[in-house]
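Asker: Below is the sequence, then the predicted model.
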Amino acid sequence: MLTLRENEKLIKMIRQHRSVIAGTIIRSALLTGFVFWTFFKFKIDAFGYSREIVIGVMLIATLTILYKIYLWRKNAIIITNQRMILNIRQGALSQTVTELLYRDIYEISFKQVGFSALMNRYGKLIIKTPSGNEITFDKVPSPAGVVEAINKIRAGTQIQNEPPQF
């Protein structure tokens, strides 16, 4: 759960591209369909448990899809008017949260590699800090728009935080 600071406004929440979960859904549906078709086409009787085996495969496929959707929903870039928060989950029991103030971002760029990335308009967001760290977030939808939005916020933040010049 994200707790905003005082005078902080949520501007945008960005999740990974839908293709992250599409592969799991397609593979699970194909596996379930293949098992279903095989057992009933060839009338396989696994000691009287063929129906239970098919239901078990369907249950495992459903749980796999739900788990992948859970991870997809938890992976996000949260953009506020004061900072960026990258929430990355590799599994149910591992979480990496990176908070970046806009003044700590040295360079922000993106890469779109491959036909699928160009056609589906997703890419890898790359953020560099002055200390030389490189933070990446993969399969960001419309990465050019995200970079543009962050740069607009950075420009506005830098103008407000700069000391007056005489």
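Answerer: Arrived safely. Keep in mind the model is a prediction, meaning the values are calculated, not measured. Residues are numbered from 1 along each chain as shown.
Asker: List the contacts of the closest residue to Leu118 other than its chain neighbours.
Answerer: Among residues not flanking Leu118 along the chain, Gln112 sits closest, at 5.6 Å (CB to CB, 6 or more residues apart in numbering). Placement of C-beta: from N, CA and C, glycine included. Counting by CB atoms under 8 Å, 6 or more residues apart in numbering, Gln112 makes contact with 118, 121-124, 143.
Asker: which of these count as buried?
Answerer: The neighbour-count criterion (16 or more other CB atoms under 10 Å) marks 122-124, 143 among the contacts of Gln112 as buried.
Asker: chain center to stretch 112-121: distance?
Answerer: 16 Å (CA atoms, centre = their mean, to the nearest Å).
Asker: again with stretch 24-40
Answerer: Relative to the centre of its chain, stretch 24-40 is centred 26 Å away, using CA atoms, centre = their mean.
Asker: how about it: buried residues?
Answerer: Here stretch 24-40 shows 24, 28, 32, 35, 39 as buried, counting by 16+ other CB under 10 Å.
Asker: that older thread, how far away is the residue nearest to Leu118 from Asp138?
Answerer: 11 Å (CB to CB, to the nearest Å).
Asker: Same question for Ile150.
Answerer: For Ile150, the distance to Asp138 - CB to CB - is 17 Å.
Asker: Just say helix, strand or coil for Ile11.
Answerer: Counting by DSSP: H, G, I helix; E, B strand; the rest coil, the backbone at Ile11 sits in strand.
Asker: quick one: buried residues of the helix or strand that contains Ala149?
Answerer: In this structure, Ala149 sits in helix 143-161 according to DSSP states H and E. Buried residues in helix 143-161, counted by 16+ other CB under 10 Å: 143, 146-147, 150, 153, 157.
Asker: Determine how far it lies from the middle of the whole chain.
Answerer: 21 Å.
Asker: cool, stretch 14-33 as well?
Answerer: The answer for stretch 14-33 is 13 Å, by CA atoms, centre = their mean.
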